[in-house]
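> give me the fold of what follows.
(one chain, ligands or ions: 2)
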Amino acid sequence: MRSLFKAAALVLAAGVGATAVNAAESLQDVMKRRGLSQQDLMAAAKTYVPTGKRDEFLAFSSGGQSGQVIVYGIPSMRILKYIGVFTPEPWQGYGFDEESKKVLAQGRIDGMDITWGDTHHPAFSETNGEADGQFLFINDKANPRIAVIDLRDFETKQIVVNPIFKSEHGGAFVTPNTDYIFEAAQYATPLENKKFYPLEDFNEKYRGGMTYWKFDRKAGKIDPKKSFSIELPPYSQDLSDAGKGPSDGWSFTNSFCSERYVGGIEKGRPPYEAGCSAKDTDYLHVINWKKAAELVAAGKAKKINGADVLTIDTAVKEGILFLIPEPKSPHGVDVTPDGTKIVVSGKLDTHVSVYSFDKIMKAIKAKKFESKDPYGIPVISMQDTLHTQVQLGLGPLHTQYDSKKCIAYTSLYVDSQVAKWDFCEGKVLDKISIHYNIGHLVTMEGDTTKPAGKYLVALNKLSIDRFNPVGPLHPQNHQLIDISNDKMQLLYDMPLPLGEPHYVIAIDAKKLKPGVRYKVGTDTRTDQRHPGAVRAGEERIERNGNKVTVYGTLIRSHITPETIEVEVGDEVTINLTNLERAQDETHGFTVSTYNVHASVEPGKTASVKFKAFKEGVYPYYCTEFCSALHLEMQGYLLVKPKGWKATKKELAKGTYTEAEYQAIVKRVADTQAVIDSVVGYITSTNYKDFPDVVNLVADATDQLNKIPDAKSKYEAAAAKKDWEQASLWAEQVWQYQVKAADIGLRAKTYLEQNGAKVIK
Ligand code: CUK
Ligand code: CUA
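Ligands and ions are numbered 1, 2, ... in the order given. Got it, this is the predicted structure:
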């Protein structure tokens, strides 16, 4: 460490910049050696993001069965983060510290912990139909839940459980100003919780539905009390989308298995797949959610499981629910950016059907219905509402939009292709093959009122032969496609080792403004001050009966306290506040064998709790390599047997001489000279114009401010000739100096690389 520091000081003194370019190999040599074509080079140039540069867009991918969200950059396809949502995520302490456990506990169903999720559809909060970069929502299909993630810190803040469904798929989708986040049931069940009805009662007692969750943007939370649902027939509601512009106030939801078939292959009956695809059409559900919200406010809802539900009868009577036939086993329903049309893909049809919102409204106004469904819901005819139908290919699933007017992209699952087409004119423009069997696709902000075009990512279900084999379970394959020209161009294959993502959304990176630190003492799951937070110098351990509460802090490179003594059977809570202000100075915390872990970012307070049920000695330590003396960021939890009495009164002493003490004091003086020169350089520049540097300077100053106290301690000990205490406190001064110098050097490098000017 000492020589390392000297080397850094030397570099500092010489002011060495980056030089040395490897000029020995030409581009042609590299192409030949690696077998690359001109086309490959072009693709590489379109995706490569040089070191230190950032991506233009950020993609938020469903993590599928991992119950997480995956964040990656476009066009580089570099993965930036996994966000723990429905599933514990150990690195972030998600599910291992008390604060995040409370979030996961919100997702309990009937008192049972559910620690996985089948995430499908992420959605951004929107303002006027545009992604605003404030919040992210995502659904869990298996256990009908929705989670709220705050994009200020990319942490999950809330999970809500659907009050009446047992599964849900058509969610999360948001209305244009994020008034509601909605989700559709998938597999019909009785709506009353824990109610049993046999399958013979399917048509009468099983129901689908839609739930509209009210979002309180100020609180950053869903408000279940102001949320409501609409009862729907047992038609397996599927994907949905919100109207926008002229169609704002309405929502659209597909369905499959409107045959209401209930399977029974084991009894010799044809299976679901036959019974659920027998008819030529299913139903598009057209719902006036704005009016539905008014009806609920007017007290027209019925309570089911304590939640507000508008019945089918009320919805029909009040004229807020309509059906339109749609071709065979549809999947995606996607409203065009201008809100005038609704594109529906039929999995078993080669067409996409483009419905006109205007025509739908005209039919509703004129009460022109072709029939009623078995539940009395008016059915508008396809002919009266279609704008056009376009033959795209086999297995059309999902549609996204371009910044160019009337241009759409639709995934073709069976053909393993993406079709580019014109939904105004109804013609196919281009097709590109993908590898293989595409589900969703995403264009940049491609489901908003202002798509940004440029790139498309194909989310492929199979990757088969694209990557190095890693066993029978293959990685997922997200393929990046350039859509800025007339012809689509395949650029990059990204293997994703976390499955199975369904939908991805992407946003202009400039719209995201995440913080780099919290206000000191923040419970980041509630954004409130943490009751266990303390400042430096206020650390303490309190006992109340058999409850031991530690109020501790973390800062390079020590944990305060460094010893925690409890008795076997005590309930131990350890609160830890990270006092760092410097960017990226996260400390982790764990106690051996008690299954706890916290990730404590700058300013955060986190707590871990456990019953010290076994006596013994358990090291605790910082789990993030945070500094040169990270390994020394340690302590002991001493779990003493009941009634244990100490016999020895003193800790073992080290051997230190006056000469050793003097050598340390000399090192401290030398180091101070280096610090002075770094400080001299920084303060000679316009460093105040660089907020990152201002923060680094504040952090270095923090370290330097601790020196006088330690210095007076070593001087007092030296006066008493206690060479151990004198040497160790002098050493501690040097530690503060090293940390300050390390930060100072980082600040200096930053200033040099970012064109700071010398002003003094
Ligand atoms: S779904 Cu998976 S490919 Cu859940 Cu949106 Cu279409
Ligand atoms: Cu803190 Cu390692």
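
> quick one, helices of the stretch 101-250 of the chain?
For the stretch 101-250 of the chain, the helices defined by DSSP state H, counting those that start in this stretch cover 202-205.

> how about the strands of it, start to end?
119-127, 130-140, 145-150, 155-161, 173-174, 180-184, 208-216, 221-232, 237-242, 250-255 (DSSP state E, counting those that start in this stretch).

> looking at the ones you listed, which is closest to Ser484?
strand 130-140 (19.8 Å; C-beta to C-beta). The way it works is simple: take the backbone N, C-alpha and C, and place the C-beta from them, glycine included.

> tell me the gap between the closest one and the middle of its chain.
How far strand 130-140 lies from its chain's middle: 9 Å, per C-alpha atoms, centre = their mean, to the nearest Å.

> that strand versus strand 221-232: what angle between them?
Calculated by axes from the mean of the first three to the mean of the last three C-alpha atoms, to 10 degrees, strand 130-140 forms an angle of 70 degrees with strand 221-232.

> how near is Gly376 to ligand 2?
65 Å (C-beta to the nearest ligand atom, to the nearest Å).

> distance-wise, check the one residue in the chain that gets nearest to ligand 1 relative to Ala142.
Here the chain gets closest to ligand 1 at one residue, Gly439, 2.9 Å apart by C-beta to the nearest ligand atom. Per C-beta to C-beta, to the nearest Å, Gly439 is found 17 Å from Ala142.

> close to ligand 1: what parts of the stretch 451-600 of the chain are there?
502-503 (C-beta under 6 Å from any ligand atom).

> show me where the stretch 451-600 of the chain has strands.
Counting by DSSP E, counting those that start in this stretch, the strands of the stretch 451-600 of the chain are 453-460, 476-482, 489-496, 504-508, 522-523, 528-529, 540-544, 547-555, 558-560, 563-567, 571-578, 587-591, 598-600.

> mind giving me the packing neighbours of the fifth one?
Pointing back at strand 522-523 there. Here strand 522-523 touches strand 528-529, going by 3 or more C-beta pairs under 8 Å, 6 or more residues apart in numbering; DSSP states H and E.

> which parts of the protein sit against ligand 1?
Residues of the chain lying near ligand 1 (C-beta under 6 Å from any ligand atom): 120-121, 169, 239, 331, 397-398, 439-440, 502-503.

> compare those and tell me which is most surrounded.
Each of those was scored by neighbours using other C-beta atoms under 10 Å; the highest score is Leu239's, at 28 neighbours.

> quick one: it and Phe256 touch, right?
No: the pair Leu239 and Phe256 does not pass the contact test of C-beta atoms under 8 Å, sitting 10.0 Å apart.

> list residues touching both of these two?
His331 (C-beta atoms under 8 Å, 6 or more residues apart in numbering).

> about what we covered before: the strands of the stretch 101-250 of the chain into a markdown table, with extra columns for mean pLDDT and distance to Ala716?
Output for these, formatted as a markdown table (pLDDT from 0 to 100; distance: least, C-beta to C-beta, whole Å):
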| stretch | mean pLDDT | distance to Ala716 |
| --- | --- | --- |
| strand 119-127 | 98 | 58 |
| strand 130-140 | 98 | 54 |
| strand 145-150 | 98 | 48 |
| strand 155-161 | 98 | 45 |
| strand 173-174 | 98 | 63 |
| strand 180-184 | 98 | 62 |
| strand 208-216 | 98 | 57 |
| strand 221-232 | 98 | 53 |
| strand 237-242 | 97 | 70 |
| strand 250-255 | 97 | 73 |
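
> what's the closest of these to Ser411?
strand 237-242 (12.6 Å).

> could you give the angle of the lengthiest helix in the chain to strand 547-555?
When the chain is parsed with DSSP state H, its longest helix is helix 723-753. Orientation of helix 723-753 against strand 547-555 (the same axes, to 10 degrees) gives an angle of 50 degrees.

> for the helix or strand hosting the residue of the chain closest to ligand 1, name the packing helices and strands.
Gly439 is part of strand 438-444, with elements assigned from DSSP states H and E. Contacts defined by 3+ C-beta pairs under 8 Å, 6+ apart place strand 438-444 against strand 396-401, strand 407-412, strand 417-422, strand 453-460, strand 504-508.

> mind putting those into TSV with mean pLDDT?
Listed next are the helices and strands packed on strand 438-444 as TSV, based on pLDDT from 0 to 100:
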stretch	mean pLDDT
strand 396-401	97
strand 407-412	98
strand 417-422	98
strand 453-460	98
strand 504-508	98
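
> among those, which is the most enclosed?
Counting by mean count of other C-beta atoms under 10 Å, strand 396-401 has the highest mean neighbour count of the helices and strands packed on strand 438-444, with a mean of 27.

> ok, residues contacting that strand?
Counting by C-beta under 8 Å, 6+ apart, 239, 331-332, 334, 336-337, 343, 345-347, 349-352, 407-413, 419, 438-443, 446-447, 451, 456, 503 sit against strand 396-401.

> is it true that Glu562 touches Leu637?
No: using C-beta under 8 Å as the test, Glu562 is too far from Leu637 to be in contact (10.6 Å).

> the residue nearest to Trp729 when sequence neighbours are not counted is in what secondary structure piece?
Once flanking residues are discounted, Trp729 sits nearest to Tyr714: 3.7 Å by C-beta to C-beta, 6 or more residues apart in numbering. Assigned by DSSP H and E, Tyr714 falls within helix 707-719.

> who does that helix touch, helix- and strand-wise?
By 3+ C-beta pairs under 8 Å, 6+ apart, helix 707-719 packs against helix 658-683, helix 723-753.

> next up, the contacts around Lys405.
Here Lys405 is in contact with Cys424 (C-beta under 8 Å, 6+ apart).

> double-check that it belongs to a strand.
No: judged by DSSP: H, G, I helix; E, B strand; the rest coil, Lys405 forms no part of a strand; its state is coil.

> that one and ligand 2, how far apart?
Lys405 is 54 Å from ligand 2, by C-beta to the nearest ligand atom.

> distance of that residue from Lys739?
Distance from Lys405 to Lys739, by C-beta to C-beta: 57 Å.

> repeat for Ala147
From Ala147 to Lys739 the distance is 38 Å (C-beta to C-beta).

> who's more crowded, the two?
Ala147 (29 against 24).

> who touches that one in this structure?
Ala147 touches 85-86, 107, 117, 137-140, 156, 158-160, counting by C-beta under 8 Å, 6+ apart.

> redo that, cut-off 7 Å
Neighbouring residues of Ala147 by C-beta atoms under 7 Å, 6 or more residues apart in numbering: 85-86, 137-138, 156, 158-159.
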